[in-house]
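Engineer: Have a look at this prediction, sequence included:
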Amino acid sequence: MNSNRRVFHFVLYSVGILLAVSIAGVLLGFKWLPFNRVNLVSDVYSAKDTAQAKLADAGDSITAPVVIEKLPSKEFMLYQQPRLITNFNADTNTASLQGFLGKLKALKNGEKRKVRIAYFGDSMIEGDLLTQTFRQLMQQSFGGSGVGFVPITSPVSKFRQTVSTSTAGSWDDENFKDAKTSRLYPSGHIFRGNGATVQMTDQTVKDSAVILEKTLLCGAVNATVNIVANGVSLAVNTDKPVNRISLSNDAGRTIKLGVNNPELPVYGISFESESGVIVDNFSFRGITGVEFSKIDSSFLSAVSENNPYDLIIFQYGVNLLFRPNDKNFSWYAKVMLPVVKKIRNCFPETDFLLVSTADRAFRYGGEYKSAIGIDSLIKVQAALAYETNSSFYNQFAAMGGTNSIVEWAKAKPSLANQDYVHPNHRGAEILANYLFDAFIREFSKMK
């Protein structure tokens with residue numbers, strides 16, 4: 001009996017050790033033919049690799065749906081120029097984004113109005129990186145105060161420096177990853193609270209005399225809703241898909257909101273001055289932009305009507321570069337073209353700027369280099385802008401082009417993290433200055 005037990009334990013421990021070594025070998029990329037023959041999980045991962053290879057092959061077989069039609073007045077290759085906002089007009093002395101720039105000019109001439117910018121992106125702008133500097137520069141040049149839109153909570157709420165956020169109670173978060181509704185706010189979230197509170201403090205305004213309106217953005221409930229703002233109970237009507245409810249309009253920087261109705265869709269709170277530039281950061285990590293296909297067009301149109309934007313900036317791409325040897329991104333053009341067209345149709349009065357992916361590196365032959373498919377991806381992104389009459393900005397070229405992320409990571413002090421994907425706060429500040437300078441160059445072309 002003891003002999004059988006010893007044999008059982010020996011087999012159990014041996015299989016356990018071999019399984020652990022097999023998993024570690026796959027995760028560490030260890031390959032040796034004799035070991036591969038006894039690797040317990042090699043079949044699982046080889047099947048996964050085969051499926052991914054088939055997906056890549058399928059992508060290679062797709063003909064890009066974006067056709068570059070050559071026109072005498074257009075020059076597609078302008079997309080390669082660094083630190084240039086282009087609408088592909090062959091006459092580069094004519095400004096791009098003229099509708100938006102005209103509104104900035106009105107601000108410069110003393111007109112009292114809000115000029116809203118929605119900046120969409122992935123983890124490259126998470127925590128208000130890049131956008132916090134871009135917002136500051138725009139407001140310094142054209143007026144305006146306030147951090148703009150802030151979601152109720154986010155994975156980086158403690159990391160973000162431009163606003164402090166604390167919550168109490170239970171906030172239910174429905175988002176791009178697990179949405180059951182097609183009426184997600186452009187942030188990719190809907191929050192609901194039952195006895196939950198959130199307190200936010202705008203950290204961007206240094207002048208204590210500046211008046212900030214603190215506004216709740218929320219959805220519809222077929223009844224009067226009671227909320228609490230800074231200890232004051234308010235009965236509000238929420239009869240539109242997108243409602244803007246003023247919570248306070250004073251020199252205070254802090255707002256505390258309480259919600260007792262679990263049916264009320266809560267989107268976030270906005271901090272805005274009466275006039276000037278407002279820049280909203282809409283970051284959502286790990287996405288590529290195609291997720292906006294999930295949002296109902298009529299709801300996006302309601303956002304455009306009740307919380308309009310003068311410029312939408314759309315920056316994605318780094319999450320498409322998740323495999324080092326991918327070169328063909330024509331499949332992305334196929335799925336992304338309808339998304340860009342939908343957003344443009346839902347925001348018909350809004351200028352649109354598509355920003356390319358930044359640099360990203362993988363290890364090739366023992367050293368880190370730019371992803372071999374990055375030029376192909378940027379060309380596809382530029383073609384999307386060209387086809388939809390949007391403007392384009394090459395973030396990769398602005399960084400310095402090939403292997404710039406490697407150089408940024410090695411710089412002293414560093415400008416990028418050692419993941420060779422994300423610029424750090426110093427790098428993000430540089431990118432924001434480059435983008436702002438590109439806007440100013442276009443603004444100087446306005447007659």
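Structural biologist: Ah, there it is. Numbering: from 1, shown residues only.

Engineer: what is the mean pLDDT for stretch 429-447?
Structural biologist: The average pLDDT within stretch 429-447 is 96.

Engineer: What of stretch 265-278?
Structural biologist: Stretch 265-278 comes out at a mean pLDDT of 98.

Engineer: Do me a favour and get the end-to-end distance for it?
Structural biologist: 23 Å (C-alpha to C-alpha, to the nearest Å).

Engineer: Would you indicate which residues of that stretch are buried?
Structural biologist: Residues of stretch 265-278 classed as buried by neighbour count (16 or more other C-beta atoms under 10 Å): 265-273, 275-278. For the C-beta atoms, the positions are set from N, CA and C on the backbone; glycine is no exception.

Engineer: Which ones among those map onto helices?
Structural biologist: Judged by DSSP state H, helices contain none of those.

Engineer: Return the distance of residue 439 relative to residue 121.
Structural biologist: As defined by C-beta to C-beta, to the nearest Å, residue 439 lies at a distance of 17 Å from residue 121.

Engineer: swap that for residue 399, sorry
Structural biologist: 15 Å.

Engineer: and what of residue 101?
Structural biologist: Going from residue 101 to residue 121 by C-beta to C-beta gives 22 Å.

Engineer: again with residue 369
Structural biologist: Remark: distance between residue 369 and residue 121 (C-beta to C-beta) = 24 Å.

Engineer: Just name the closest of the buried residues of stretch 265-278 to residue 417, please.
Structural biologist: Residue 417 lies nearest to residue 268 out of those, by C-beta to C-beta, at 27.5 Å.

Engineer: I'd assumed residue 217 was in contact with the closest one.
Structural biologist: Yes - if you go by C-beta atoms under 8 Å, residue 268 and residue 217 touch, sitting 5.6 Å apart.

Engineer: Tell me which helix or strand in the chain has the weakest average pLDDT.
Structural biologist: The least trusted helix or strand in the chain, going by mean pLDDT, DSSP states H and E, turns out to be helix 42-61, with a mean of 39.

Engineer: After it, which helix or strand is next? Please name it.
Structural biologist: Heading C-terminal from helix 42-61, the first helix or strand you meet, by DSSP states H and E, is strand 85-86.

Engineer: what packs against whatever helix or strand comes next after that following strand?
Structural biologist: Downstream of strand 85-86, the first helix or strand assigned by DSSP H and E is helix 98-108. Helix 98-108 sits against strand 114-121, helix 131-142, strand 276-283, helix 425-443, with contacts defined as 3 or more C-beta pairs under 8 Å, 6 or more residues apart in numbering; DSSP states H and E.

Engineer: Point out where the protein drops to low pLDDT.
Structural biologist: Within the chain, the stretches with pLDDT under 70 are 1-16, 18-67.

Engineer: Run a quick neighbour tally on residue 367.
Structural biologist: When neighbours are counted by other C-beta atoms under 10 Å, residue 367 registers 9.

Engineer: Fine by me, thanks again.
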